[in-house]
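Enquirer: I need the structure of the sequence given here:
(chains A and B)
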Amino acid sequence: MTAPGHFVELRNVTKRFGDNVVLKNVDLAVDEHQVICLIGASGSGKSTLLRCINLLEKVEEGTIVVDGQAITNGKVDVNALRRKIGIVFQAYNLFPHMTVMENVTLAPRKVRDLSKAEADAQARELLRRIDLLDKADEYPDRLSGGQQQRVAIARALAMNPTLMLLDEVTSALDPQLVSEVLNLIRELAEFGMTMIIATHEMSFAREVADKVGFLDAGVILEEGPPEQIFSAPREERTREFLARIIAAGRL
Amino acid sequence: MHRVLEAFFSPHAFRQSLPDVWAGFQINIKLMVVAEILVLVIALGIAIVRGLPGRPAGPLRVLAVVYTDFFRGTPLIIVAFMIGLGVPGLRIHPISYQSNFVYGVTALTLVYTAYVTEVYRAGIESVHGSQRSAARSLGLTYGQAMRYVVLPQAVRRVVPPLLNDFVGLQKDTAIIGTIGVIEAQQQAQNFSSSFFNFTGYLVAAVFFIFMTIPLARFTDHLVAGRERRERALAV
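Expert: Below is the predicted model:
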């Protein structure tokens, strides 16, 4: 039953909140250096799926394997798992009482036990990469949404994750700020970062994804290469969803 | 009219009672400072215990709830009598052989810790869950997320209500006079029974007011500053 080689694998995962079934028998396989984009309407279960992979949500049914290790049997070291997985949220969730530098260095210092000098050096390198080194000593509320989201990505990268989960990271941004964040993600993809991305940016998904999954009411209804999903969707629901998106001018 | 002035506002009695009441008021300040430090530390601990997740922490949580319910509901003067008059009667070493000052601090701490625990708890709950998620998803443990992310934000938010309780505690140190700590209110009472003049109470009141007004203004200042910042953020 085990298919070795997949870096992340979800098998038959079902997640309920009370009587509400949010994910239904979800299967998904992600290989190393692959970029998977999850598309679908709000409430289709994209965020929940991502949150299950780093155990921010508990999975009662089904199996999730990350890097050869089943994480859903209750025996896994949650903190060790999360060190390997970076997640970035729609609402950035930077720590408002800390400067940009402190946001980026907190986990490396406390979790990876880096010295302040090591963590600072690494953070400066990351901030330079996202072009925000000059904001190192600012507090998040002095930054634009796009800048905050880039810092949030840098904060996750500071843990040297082997997998990044991006949860609609551009949905809270003004349109003119979206591209700076997408450019950064594009760069990560080129760098070979394994990523699972929940997004409403269809043209972006089409461009960076190795595989696109369409979620509808907690089910991965259709999955395939971006050209196929966007140009020749097999499922009626996928066609409807894409038609609505096109009508809204997002593709 | 003359009798009122003479009984409460006699300049002569004011001067006469001032040194003793001032000596007593220094005890009030000591009571306040020691109790407040203990309250701030212990209440934070209890607030954290109340928020602990999981079944194993259940009994601790219940204990914390029982404690806060009991001492928040009991008038300070009753706690003061139970501690200051009751405990010495038990004749148990070493707790029955402490000074009245220690009993006073204990009573104040027991009661105010219960209030302040609730203040801290409200602060902790006001920090949005997404902050915790962000911290945990970086690999921080529950304790680390609490220590570095949740508590710093929570405590900052509750400074004004904490200072408000601080004012209450400051005034309630007068109740500790009833268990034989010779503080300002006791000195005023001694003065009034010796000279049949109540001006000593006025002196004590003036001292208390002069202590609380700066604190109250400082609290206003903090609240106003925060409102300014939040408005600036909303724009």
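Enquirer: centre-most residue in chain B?
Expert: Taking Cα atoms, centre = their mean, the centroid of chain B lies closest to residue B:169, which sits 3.6 Å from it.
Enquirer: how about the nearest residue to that residue once chain neighbours are set aside, what does it touch?
Expert: Leaving out its chain neighbours, the residue that sits closest to residue B:169 by Cβ to Cβ, 6 or more residues apart in numbering or on different chains is residue B:112, at 5.1 Å. Heads up, the C-betas are built off the backbone N, CA and C, glycines and all. Contacts were defined as Cβ atoms under 8 Å, 6 or more residues apart in numbering or on different chains; by that measure residue B:112 touches B:35-36, B:39, B:43, B:165, B:168-169, B:172.
Enquirer: what's across from the residue nearest to residue A:237 when sequence neighbours are not counted in the sheet?
Expert: Of all residues beyond its chain neighbours, the one nearest residue A:237 is residue A:216 (5.0 Å), with distances taken as Cβ to Cβ, 6+ apart. Listed by DSSP bridges, the beta-bridge partners for residue A:216 are residue A:219.
Enquirer: all helices for the chain, in order.
Expert: No chain specified, so I'll use chain A. A:46-53, A:78-84, A:100-110, A:116-129, A:145-157, A:175-190, A:202-208, A:226-231, A:236-247 (DSSP state H).
Enquirer: please go with chain B instead
Expert: B:2-9, B:11-51, B:58-73, B:76-81, B:87-90, B:100-126, B:129-137, B:142-144, B:151-172, B:184-195, B:199-234.
Enquirer: which elements pack onto the fourth one?
Expert: Here helix B:76-81 is seen to pack against helix B:100-126 when contacts are counted using 3 or more Cβ pairs under 8 Å, 6 or more residues apart in numbering or on different chains; DSSP states H and E.
Enquirer: may I see the buried residues of the helix it packs on?
Expert: Neighbour counts over helix B:100-126 (16 or more other Cβ atoms under 10 Å in any protein chain shown) mark B:100-121, B:123-124 as buried.
Enquirer: likewise for stretch B:176-184?
Expert: B:176-179, B:181-184.
Enquirer: one more: stretch A:177-192?
Expert: A:177-178, A:180-182, A:184-185, A:188-189.
Enquirer: flag the shaky bits of chain B, pLDDT-wise.
Expert: Applying pLDDT under 70 to chain B flags the ranges B:229-235.
Enquirer: again, only this time at 50
Expert: By pLDDT under 50, the weakly predicted segments of chain B are B:234-235.
Enquirer: ok, the residue nearest to residue A:237 touching residue A:44?
Expert: Yes - using Cβ atoms under 8 Å, residue A:216 is in contact with residue A:44, at 5.7 Å.
Enquirer: which one's more surrounded, these two?
Expert: residue A:44 (23 against 18; other Cβ atoms under 10 Å in any protein chain shown).
Enquirer: measure how buried the nearest residue to the more buried one once chain neighbours are set aside is and give me the count.
Expert: Distances taken as Cβ to Cβ, 6+ apart place residue A:215 nearest to residue A:44, at 4.2 Å, with adjacent residues excluded. Residues lying near residue A:215 (other Cβ under 10 Å) number 25.
Enquirer: again, but for residue A:227
Expert: Residue A:227: 10 neighbours (other Cβ under 10 Å).
Enquirer: and the stretch 51-200 of chain A, which residues reach chain B?
Expert: A:54, A:56, A:79-80, A:82-83, A:85-87, A:89, A:91, A:93-97, A:106-107, A:110-111, A:141, A:155-156, A:159 (Cβ under 8 Å from any Cβ of the partner chain).
Enquirer: buried subset of those as a ChimeraX selection?
Expert: In ChimeraX syntax, the buried subset of those is picked out as below (16+ other Cβ under 10 Å):
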select /A:54,56,79,82,83,85,86,87,89,91,93,94,95,96,97,106,107,110,111,155,156,159
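Enquirer: report how many residues lie close to residue A:205.
Expert: 22.
Enquirer: separation between it and residue A:244?
Expert: 15 Å (Cβ to Cβ, to the nearest Å).
Enquirer: got it, and residue A:93?
Expert: 29 Å.
Enquirer: ok, now residue B:62?
Expert: From residue B:62 to residue A:244 the distance is 52 Å (Cβ to Cβ).
Enquirer: please apply the same query to residue B:78.
Expert: 67 Å.
Enquirer: please apply the same query to residue B:7.
Expert: Residue B:7 is 84 Å from residue A:244, by Cβ to Cβ.
Enquirer: next one: residue A:37
Expert: Distance from residue A:37 to residue A:244, by Cβ to Cβ: 17 Å.
Enquirer: list the residues that contact the residue nearest to residue A:237.
Expert: Per Cβ under 8 Å, 6+ apart, neighbours of residue A:216: A:40-41, A:44, A:237-238, A:241.
Enquirer: pLDDT wise, what is the spatially closest residue to residue A:114 that is not a sequence neighbour at?
Expert: The shortest distance from residue A:114 to any non-neighbouring residue, by Cβ to Cβ, 6+ apart, is to residue A:108 (4.6 Å). At residue A:108, the model reports a pLDDT of 95.
Enquirer: check contacts around residue B:77.
Expert: Contacts of residue B:77 by Cβ under 8 Å, 6+ apart are B:175, B:178.
Enquirer: that one and chain A, how far apart?
Expert: Counting by Cβ to the nearest Cβ, to the nearest Å, the gap between residue B:77 and chain A amounts to 40 Å.
Enquirer: ditto for residue B:151
Expert: 10 Å.
Enquirer: the residue nearest to residue A:44 and residue A:47 touch, don't they?
Expert: No - Residue A:215 sits out of contact with residue A:47 when judged by Cβ under 8 Å, with a separation of 10.1 Å.
Enquirer: in space, what's closest to residue B:43 - neighbours in sequence excluded?
Expert: Using Cβ to Cβ, 6+ apart, the nearest residue to residue B:43 is residue B:116, at 3.8 Å.
Enquirer: so the one you found touches residue B:38, yeah?
Expert: No - between residue B:116 and residue B:38 there is no contact under Cβ under 8 Å: 10.3 Å.
Enquirer: show me what from chain B comes close to chain A.
Expert: B:130-131, B:133-141, B:144, B:148-149, B:152-153, B:156, B:233.
Enquirer: just the buried residues of those.
Expert: B:131, B:133-140, B:144, B:148-149, B:152-153.
Enquirer: which residues touch residue 153?
Expert: Picking chain A for this. Residue A:153 neighbours (Cβ under 8 Å, 6+ apart): A:88, A:130, A:166, A:169, A:181, A:184-185, A:188.
Enquirer: hmm, I had chain B in mind actually
Expert: Residue B:153 makes contacts with A:95-97, B:127, B:131, as judged by Cβ under 8 Å, 6+ apart.
Enquirer: so which of those residues is the closest to residue A:121?
Expert: residue A:95 (20.6 Å; Cβ to Cβ).
Enquirer: how near is the closest one to residue B:130?
Expert: Taken as Cβ to Cβ, the span from residue A:95 to residue B:130 is 11 Å.
Enquirer: for residue A:174, same thing?
Expert: Taking Cβ to Cβ, one finds residue A:174 at 20 Å from residue B:130.
Enquirer: as CSV, the buried residues of stretch A:177-192 with pLDDT and distance to residue A:124 would be great.
Expert: Formatted as CSV, those follow (pLDDT from 0 to 100; distance: Cβ to Cβ, whole Å):
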residue, pLDDT, distance to residue A:124
A:177, 85, 23
A:178, 88, 26
A:180, 87, 20
A:181, 88, 20
A:182, 90, 24
A:184, 90, 17
A:185, 91, 21
A:188, 91, 19
A:189, 91, 24
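Enquirer: for those residues, give me TSV that also has distance to residue B:70.
Expert: Putting the buried residues of stretch A:177-192 into TSV (distance: Cβ to Cβ, whole Å) gives the following:
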residue	distance to residue B:70
A:177	53
A:178	55
A:180	56
A:181	53
A:182	57
A:184	55
A:185	55
A:188	55
A:189	59
